[in-house]
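Visitor: Sequence first, then the predicted structure, then my questions.
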Amino acid sequence: MTSTAQAPQSGARTAHPDHLGHVIFIAAAAAMGGFLFGYDSSVINGAVEAIRSRYDIGSAALAQVIAIALIGCAIGAATAGRIADRIGRIRCMQIAAVLFTISAVGSALPFALWDLAFWRIVGGFAIGMASVIGPAYIAEVAPPAYRGRLGSFQQAAIVIGIAVSQLVNWGLLNAAGGDQRGKLMGLEAWQVMLGVMVVPAVLYGMLSFAIPESPRFLISVGKRERAKEILAEVEGKNVDFNARVDEIELAMKSEHKSSFKDLLGGGFFFKPIVWIGIGLSVFQQFVGINVAFYYSSTLWQSVGVDPSDSFFYSFTTSIINIVGTVIAMIFVDRVGRKPLALIGSVGMVVGLALEAWAFSYDLVDGKLPSTQGWVALIAAHIFVLFFALSWGVVVWVFLGEMFPNKLRAAALGVAAAAQWIANWAITASFPSLADWNLSGTYVIYTVFAALSIPFVLKYVKETKGKTLEEMG
């Protein structure tokens, strides 16, 4: 093998698969992990108040049961890459599918609170794996000309998973007569909500047997001929596959394996660019977005909305989340990352400030006054829309593009870890903060949304239209 076997000679850059529908199926099957990611992250929304009632626990203990899944997420995300490099991407997906299934069954049939918390950690580990393996696999099997569009399947699958979980929860709640602890199939309604995830988890596992292993992994373990077969399947026949395999091998050998040590320096422990990545991750979570997905039904019930309507509003919020994500996918390469982030920050400040104002009013007969109730509902949808069309997508784009090649993998790992930790902090603190002062809690989120504006203006550089090599 010689270094003359490079991209222009293999023809991969302009390759078009013979059967695009088949390639789309492969990407969609892998993105089922993203669907489960979204579904499992959000399904707990329908069970929060029932868990509080069944186990007679306070807000602090309840928050730990909800947030503990994020510990599993962090471990799963941190270890998935190494597992996938050892046993393959497909085996990693199958492990995640099994863990999703076990978690769903265990969560639906807990015999104690600690037992439920344990199954939440197991499900979280699977989420962490899915969050890493799905995008990596799609990037490795997608033809270069289609990589961006196929890569967006993962984010689309996540927001669809969130929406479907809210719709299923709403349907099950109505079937149980509007009572989260009402009986369904011999169980309480909330248990069925958590158990339903068995269906997409099993489907994910089955689909993993219908898609090929990543050519990159096969080449890494010496299976060059099988890699050529799969490259022909996904990139078409008009490619020089010997040159293509040489090209992948050369790229893998020349990759710099970034380490934690590479990130150190600059006077404040990490290099400045790493702190900017951490800042993006923390701001993305500290605006309180996951309150909308983990606690929205509880939030609406706390201000007098009946359970069935609160579940429906959670569903409509998740639809707005899908709409915003589609808007971001359309405009992120046209408008640019930085302008989109700033537009989103301004919109989030408006939405969160209106929610803080509405929640500052005293309840009348257990409900917000009519005007404030409608303002709170509309403002919540405004907040989610502006988050989804900006920070929900843009942060991941920035983190994938902003770091120099020699730092990228390690820096992305640190930034992702910061995101899970920030997510945990918000998720674990919300019930206690809401008990203290719901309006004050939203003032805190508003302040973080406002601070994100000068942060982006001063520290974040536009990455639109630049090659990864231009990042330094």
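Guide: Received it, and whenever you're ready, just let me know what you need. Residues are numbered from 1 along each chain as shown.
Visitor: Skipping adjacent residues, who's closest to Ile102 in space?
Guide: Counting by C-beta to C-beta, 6 or more residues apart in numbering, Val122 is the residue found nearest to Ile102 once chain neighbours are left out, at 6.1 Å. (C-beta placed from N, C-alpha, C; glycine too.)
Visitor: and the one you found, what helix or strand is that in?
Guide: Element membership for Val122 (DSSP states H and E) is helix 113-141.
Visitor: And that helix, what does it pack against?
Guide: Judged by 3 or more C-beta pairs under 8 Å, 6 or more residues apart in numbering; DSSP states H and E, the packing partners of helix 113-141 are helix 20-43, helix 48-55, helix 59-67, helix 69-87, helix 89-108, helix 147-175, helix 215-220.
Visitor: how about 7 Å then?
Guide: Applying 3 or more C-beta pairs under 7 Å, 6 or more residues apart in numbering; DSSP states H and E, one finds that helix 113-141 contacts helix 20-43, helix 59-67, helix 69-87, helix 89-108, helix 147-175, helix 215-220.
Visitor: looking at these, which is closest to Val245?
Guide: For Val245, the closest of the helices and strands packed on helix 113-141 is helix 215-220, at 6.0 Å, according to C-beta to C-beta.
Visitor: Name the nearest residue to Ala450, sequence neighbours excluded.
Guide: Val349 (5.2 Å).
Visitor: for this protein, where's the lowest mean pLDDT among helices and strands?
Guide: helix 7-10 (a mean of 51; mean pLDDT, DSSP states H and E).
Visitor: among the helices and strands packed on helix 113-141, which is nearest Asp435?
Guide: Between those, helix 59-67 lies closest to Asp435; by C-beta to C-beta that is 5.1 Å.
Visitor: And that closest one, what's buried?
Guide: Judged by neighbour count using 16 or more other C-beta atoms under 10 Å, the buried positions of helix 59-67 are Ser59, Leu62, Ala63, Gln64, Val65, Ile66, Ala67.
Visitor: how many degrees apart are it and helix 48-55 in direction?
Guide: Put simply, helix 59-67 runs at 120 degrees to helix 48-55, going by axes from the mean of the first three to the mean of the last three C-alpha atoms, to 10 degrees.
Visitor: Mean confidence (pLDDT) on helix 59-67, please.
Guide: Average pLDDT, helix 59-67: 88.
Visitor: who's in contact with it?
Guide: Residues outside helix 59-67 that contact it (C-beta atoms under 7 Å, 6 or more residues apart in numbering): 44, 48, 51-52, 113, 116-117, 120, 294, 424, 427-432, 435.
Visitor: Need the per-residue pLDDT for the closest residue in space to Gln372 that isn't next to it in sequence.
Guide: Using C-beta to C-beta, 6+ apart and skipping the chain neighbours, the partner closest in space to Gln372 is Ala358 (4.2 Å). Per-residue pLDDT puts Ala358 at 94.
Visitor: Show me what the helix or strand harbouring Ala358 is packed up against.
Guide: Element membership for Ala358, per DSSP H and E: helix 337-359. On a contact count with 3+ C-beta pairs under 7 Å, 6+ apart, helix 337-359 meets helix 370-388, helix 391-401, helix 408-459.
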